[in-house]
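> build me a model:
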Amino acid sequence: MSRSKAPMAIGLAAAGGIGYYLYSTGGSPRAAEKKFESDAHHMAAKIKGEAPHRSTDVEHEGRKVGQEVGAKVDNAVETINRDMAKAKSETESYAKAAKADALKKVDEFDRKVEEGAAKSKSYLSSWFGSK
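Residues are numbered from 1 along each chain as shown. Have a look, this model is predicted:
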């Protein structure tokens, strides 16, 4: 069977990279590590610099969409609050009118009861001869 040569190639590339950094720093492992980190950071910055500014465009679009959605939500909340205030005032005016009507009906009922009581009193008084 045929074995893959990829692991051997990866191992040789890693050994070569380690050897390069050790040789360029004079054999100091710490200095080689720092140089590798510096080179990695430099390459990452270079790649980011060459790439179009997609992250800032996406961020800008996201903020723009967020502002639009926020404005729509604020507008909807304002409309709801205005409608609720209108409904509340209409309900209060209806309640006041109903209360006034109910009090008027109660007063009419009381007057009729008092008139009836006065008539029955005079009727009963006439039977017993009182003046």
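
> neighbours around Ala32, how many?
20 (other CB atoms under 10 Å). Placement of C-beta: from N, CA and C, glycine included.

> nope, Met8 is what I was after
By other CB under 10 Å, 10 other residues sit near Met8.

> which SS class is it?
Secondary structure state of Met8, per DSSP: H, G, I helix; E, B strand; the rest coil, is helix.

> for it, give its distance to Gly116.
Counting by CB to CB, to the nearest Å, the gap from Met8 to Gly116 is 118 Å.

> quick check: mean pLDDT of the helix ranked longest in the chain?
Criterion DSSP state H: the longest helix present in the chain is helix 54-128. Mean pLDDT, computed over helix 54-128, is 86.

> how far does that helix sit from the chain's center?
30 Å (CA atoms, centre = their mean, to the nearest Å).

> elements contacting that helix?
For helix 54-128, there is no helix or strand it packs on, judged by 3 or more CB pairs under 8 Å, 6 or more residues apart in numbering; DSSP states H and E.

> make residue 1 into 655 and carry on from there
Happy to do that; since the first residue is 655 now, the last one works out to helix 708-782.

> Lys726: how many residues sit nearby?
The tally of other residues near Lys726 (other CB under 10 Å) stands at 10.
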